[in-house]
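>>> What would the 3D arrangement of this be:
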Amino acid sequence: MSNVETKPDEVVCKPGGLPGPECAHQGRAPVEIITSRDVPLGGPRSMGVRRTLPQRQRSLIGPWCFVDHYGPDDVSITGGMDVAPHPHTGLQTVSWLFEGAIEHIDSGGNTGMVLPGELNLMTAGRGICHSEVSTDETTNLHGVQLWLALPDSTRRQEEREFEHFAPDLVDFDGGQMLVFLGDLWGTSSPVATHSPLLGAEIRLAPGATIDLPLDASFEHGVLVDSGDITVENVPVPVNALGYTGVGLTEMRISNRGDTDARFILIGGVPFGEEILMWWNFVGRTHEEIQQFRREWQDEGARFGEVEGYVGKGGPGQNADGLGRLPPPRLPHVRIKARKNPPPHVQCGPDDRGEQ
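Sure, this is the predicted structure:
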């Protein structure tokens, strides 16, 4: 997925901290609430997404640096997803659907159909471009799009990788889970990652509670898709992220409602490198971002070409008549650093949440 904001924020993520504005401590650990902001995804009717990462409150959870949540959207009203070829550097895109279908094509020669409950993982490395279009058969579109920052050791790799994995649905008392990356509760994904991390969809029945065993070296976030969810007895609203930081060996999550609930659990070892995010690029310096933008604008070889893209406007163009997304203008000033808070719950200007 592309970040199609016309004036995207510049984000530098590194240790050291800005406190978060809201948290609560009702259980064994405090929970920081990260609310979402609405962002248009482009197209003539601007399908909307709800973005929880990155923002000023927090920019990273482990290597997870971007979290978009969308739907359920009636595509007859929104127009669905129609993202023309666009570039990426220094990251992996994690596509995960609850409902609908999206066709993916990238410049590595990879094609794939994103389907509910199946992981599509694209690795940009030095550079890649891809398109994403919801299928004509899709009536409702509902899912998440996540990015993983690549460490410096692999972010310049030449390979344009694409992996598909359909995890088994695992039942437990009170619910089900799909572990698409990493390990959780005795279930593992075979997909190799560049940093220690976790990604899973978890469903809870009405009134159910689970105590999830966790890796204490990971920081974790719970993105609520539906239901009346509490994390360590702290209510986490639908469309928000509940963040717990490092050090937690077990997380209690409950569905207090009378309908089924669903959430995405992400986590990972705190990302120890400073990264800079702008538009669809993850780099390290302002000069790198300038170079990436220039090479995309000049249709350079770094990103390659997408072959076979058919958008809502016909072969080779999206509903706006674009065959590729143009880059936004860079800010007129040098991109400044934004510090990511340390991997602990932030409760206010003078409270680090480490009760």
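
>>> who does Phe162 bridge with?
Met122 (DSSP bridges).

>>> separation between it and Met47?
24 Å (Cβ to Cβ, to the nearest Å). All C-beta atoms are positioned from the backbone trio N, CA, C, and that covers glycine.

>>> out of those two, which sits in the busier spot?
Set side by side, Phe162 and Met47 show unequal neighbour counts under other Cβ atoms under 10 Å, the larger going to Met47 at 22 against 19.

>>> where does that one land on pLDDT?
Met47 carries a pLDDT score of 75 in this model.

>>> what residues are up against it?
Met47 is in contact with 40-41, 70, 73, 78-81, 141, counting by Cβ atoms under 8 Å, 6 or more residues apart in numbering.

>>> again with Gly112
103-104, 120, 162, 164.

>>> what does Ser188 give?
Contacts for Ser188 (Cβ under 8 Å, 6+ apart) come out as 179, 182.

>>> next one: Asp298
Applying Cβ under 8 Å, 6+ apart, no residues qualify as near Asp298.

>>> what's the distance between it and Pro327?
Counting by Cβ to Cβ, the gap from Asp298 to Pro327 is 10 Å.

>>> try Glu273
24 Å.

>>> tell me the helices in the chain, going along the chain?
Taking DSSP state H as the criterion, the chain carries its helices at 75-78, 286-297.

>>> In TSV: those, plus mean neighbour count, mean pLDDT and distance to Gly321.
Supplementary listing: the helices of the chain in TSV, determined by neighbours: other Cβ atoms under 10 Å; pLDDT from 0 to 100; distance: least, Cβ to Cβ, whole Å:
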stretch	mean neighbour count	mean pLDDT	distance to Gly321
helix 75-78	14	88	18
helix 286-297	18	96	18
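
>>> Reformat those as JSON lines; add distance to Ile202.
Listed next are the helices of the chain as JSON lines, based on distance: least, Cβ to Cβ, whole Å:
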{"stretch": "helix 75-78", "distance to Ile202": "26"}
{"stretch": "helix 286-297", "distance to Ile202": "36"}
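
>>> Relative to Thr187, which of those helices is closest?
Nearest to Thr187 among the helices of the chain is helix 75-78; the distance by Cβ to Cβ comes to 32.6 Å.

>>> Can I get the closest one in CSV? Just the C-alpha atoms.
Below are the C-alpha coordinates for helix 75-78, written out as CSV (Å, rounded to 0.1, in the frame of the first residue of the first chain):
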residue,chain,number,x,y,z
VAL,A,75,-16.7,-0.6,-2.6
SER,A,76,-19.8,0.4,-4.5
ILE,A,77,-19.6,3.6,-2.5
THR,A,78,-15.8,4.0,-1.9
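
>>> What lies in contact with that helix?
Under the criterion Cβ under 8 Å, 6+ apart, residues 45-48, 100, 134, 138-141 lie in contact with helix 75-78.

>>> try stretch 231-243
By Cβ under 8 Å, 6+ apart, the surrounding residues in contact with stretch 231-243 are 20, 23-36, 50, 52-53, 58, 61, 67, 69, 219-230, 244, 251-254, 345.

>>> and the residue nearest to Gln55 when sequence neighbours are not counted, how many neighbours?
Nearest-residue entry for Gln55: Arg37, 6.9 Å, with adjacent residues in sequence omitted and distances by Cβ to Cβ, 6 or more residues apart in numbering. By the other Cβ under 10 Å criterion, the neighbourhood of Arg37 contains 10 residues.

>>> now swap in Asp74 and tell me
When neighbours are defined as other Cβ under 10 Å, Asp74 has 11 of them.

>>> Assess the claim that it and Thr138 are in contact.
No: under the criterion of Cβ atoms under 8 Å, Asp74 makes no contact with Thr138, lying 10.2 Å away.

>>> ok, now which ones touch Arg37?
The contact partners of Arg37, by Cβ under 8 Å, 6+ apart, come to 50-51, 55.

>>> Can you tell me who it pairs with across the strands?
For Arg37, the beta-bridge assignment (DSSP bridges) gives partners Arg51.

>>> Can you tell me which residue is spatially central in the chain?
Nearest to the centroid of the C-alpha atoms of the chain, with distances taken as Cα atoms, centre = their mean, sits Leu146, at 1.8 Å.

>>> Thank you kindly, that will do.
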